[in-house]
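>>> I need the structure of the sequence given here:
(one chain, ligands or ions: 1)
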Amino acid sequence: MKHFRSIADVPSLHELLDIAFELKKKPFKYRKLGKRKTVCLIFFNPSLRTRLSSQRAATNLGMETIVFNVDKESWKIELEDKVVMNGAAAEHIKEAAAVIGQYAEIIGVRSFATLQDRQADYAEKVLESFVKYAGRPIISLESATRHPLQSLADLITIEEFKTKARPKVVLSWAPHPHALPQAVPNSFVEWMKVAPVELVVTHPEGYELAPEFIENVKVEYDQNKAFEGADFIYAKNWSSYSEYGKVLSQDSSWMITAEKMRLTNNAKFMHCLPVRRNQIVTDEVLDSPSSIVIPQAANRVAAAQAVYYQILRSM
Ligand code: SN0
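Prediction:
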């Protein structure tokens, strides 16, 4: 594997899952593979799980890590070409990415959607600039449109907890006070489409995901109906794609409650975290045995390690 920006970069999902399960059982088996290699994790936005799991996964493979909160600790970076840099930005992405590439063999980049300019976000300017100028394998740590390390961990978790060959997996929109990116739901849908699951997406009208993600996916606007017979409920808020970045609804009737979970086939509750209690989901559900958010987060290490493994193997 050369880069890891989306499922399209994965040569074989089957092999990636196999290695993830192997590494989960034997995290230190390949600790010599990353010897004398450094991964630099660059954050333009906050992180808890991604940052720590990516560091832990690197350590397990014998790699060193540099973590760089570029938004707080670096020069402001210019992304546009052919500009007169007489404003706030002191350094261009061309030099910044190329220099970071001199110090690390692998680079991870977190750069959320701005939710201002749809075209710019969906062009993945920041991530693709690193691909173009760093000269190193680039791993998405959540970009403007996708969060593939999360999706891989989600798939590992569903494989572990499923009780039938083809479980029903429901991605449900849930209310949130702020505008959040579409990256997690986009990516989840992209991975679930090729997984052995029956995928249903439910959200209020106006929250349709971008066509390239939602095509060939079943959308059910009635949340209660969507929940019937579900084996997994994956909750997430996102802002509108059509009215880009807007919060169109804060309807609390979409919150995941114990009553709604009773409509399901004793479904497991999933969320990528961080989750706002009693906004997205009630305490009762999140604190119940149905919630698998902690093992889901734990799988972020196996996911990151599997991705590093495949990149290191092809270097
Ligand atoms: C991010 C998102 O893409 O929705 C990261 C999820 C892994 N989530 C948030 O920004 C939540 C922020 C909040 O205020 O709840």
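>>> anything in the helix or strand that contains residue 109 near the ligand?
Using DSSP states H and E, the element containing residue 109 is strand 106-110. No. Using C-beta under 6 Å from any ligand atom, strand 106-110 stays clear of the ligand, coming no nearer than 9.1 Å. C-beta here means a position set from N, CA and C on the backbone, and glycine is covered the same way.
>>> so what does that strand touch, helix or strand wise?
Applying 3 or more C-beta pairs under 8 Å, 6 or more residues apart in numbering; DSSP states H and E, one finds that strand 106-110 makes contact with strand 38-43, helix 93-103, helix 125-134, strand 138-140, helix 293-313.
>>> Distance from that strand to the middle of the chain?
A distance of 13 Å separates the centroid of the chain from that of strand 106-110, by C-alpha atoms, centre = their mean, to the nearest Å.
>>> mind listing what that strand pairs with, with the direction of each?
Strand pairing for strand 106-110, using DSSP bridges, gives strand 38-43 (parallel), strand 138-140 (parallel).
>>> buried ones in stretch 178-188?
179, 180, 181, 182, 183, 184, 185, 186, 187, 188 (16 or more other C-beta atoms under 10 Å).
>>> What count of nearby residues applies to residue 151?
Residues lying near residue 151 (other C-beta atoms under 10 Å) number 25.
>>> wait, it sits on residue 191?
Yes. Between residue 151 and residue 191 there is a contact at 4.0 Å, judged by C-beta atoms under 8 Å.
>>> what touches both of those two?
Common neighbours of residue 151 and residue 191 (criterion: C-beta atoms under 8 Å, 6 or more residues apart in numbering): residue 7.
>>> quick one: contacts for the residue nearest the centre of the chain?
In the chain, the residue lying closest to the centroid (C-alpha atoms, centre = their mean) is residue 147, at 2.3 Å. Residue 147 is in contact with 140, 183, 184, 187, 272, counting by C-beta under 8 Å, 6+ apart.
>>> rerun at 10 Å
Residues in contact with residue 147 (C-beta atoms under 10 Å, 6 or more residues apart in numbering) are 6, 50, 110, 112, 140-141, 153-154, 181, 183-188, 272.
>>> would JSON lines of the helices and strands packed on strand 106-110 with mean neighbour count be doable?
Compiled in JSON lines, the helices and strands packed on strand 106-110 are given as follows (neighbours: other C-beta atoms under 10 Å):
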{"stretch": "strand 38-43", "mean neighbour count": "22"}
{"stretch": "helix 93-103", "mean neighbour count": "17"}
{"stretch": "helix 125-134", "mean neighbour count": "20"}
{"stretch": "strand 138-140", "mean neighbour count": "27"}
{"stretch": "helix 293-313", "mean neighbour count": "22"}
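>>> rewinding a little: export only the CA atoms of the strand holding residue 109, formatted as PDB.
C-alpha atoms of strand 106-110 as PDB (Å, rounded to 0.1, in the frame of the first residue of the first chain):
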ATOM      1  CA  ILE A 106       5.700   8.100   6.900                       C
ATOM      2  CA  ILE A 107       3.400  11.100   7.500                       C
ATOM      3  CA  GLY A 108      -0.100  11.100   9.000                       C
ATOM      4  CA  VAL A 109      -2.200  14.200   8.400                       C
ATOM      5  CA  ARG A 110      -5.400  15.300  10.200                       C
END
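>>> Could I get the buried residue list for the helix or strand following that strand?
The helix or strand immediately downstream of strand 106-110 is helix 118-122, counting by DSSP H and E. Using 16+ other C-beta under 10 Å as the test for burial, helix 118-122 gives 118, 121, 122.
>>> packing partners for helix 118-122?
Here helix 118-122 touches no other helix or strand, going by 3 or more C-beta pairs under 10 Å, 6 or more residues apart in numbering; DSSP states H and E.
>>> The ligand contacts on the stretch 151-300 of the chain?
Within the stretch 151-300 of the chain, the positions near the ligand by C-beta under 6 Å from any ligand atom are 178, 180, 181, 183, 184, 272, 274, 276.
>>> Narrow those to those in helices?
Within these, residues falling in helices by DSSP state H are 183, 184.
>>> Now the residues of the stretch 151-300 of the chain next to the ligand in TSV, please, with extra columns for pLDDT and distance to residue 126.
Converted to TSV, these look like this (pLDDT from 0 to 100; distance: C-beta to C-beta, whole Å):
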residue	pLDDT	distance to residue 126
178	97	21
180	98	18
181	98	13
183	98	13
184	98	17
272	98	20
274	98	22
276	98	26
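>>> Neighbours of the closest residue to the ligand within the stretch 201-315 of the chain, how many?
The ligand sits closest to residue 272 of the stretch 201-315 of the chain, with a gap of 4.6 Å, by C-beta to the nearest ligand atom. Residue 272 has 25 neighbours, counted by other C-beta under 10 Å.
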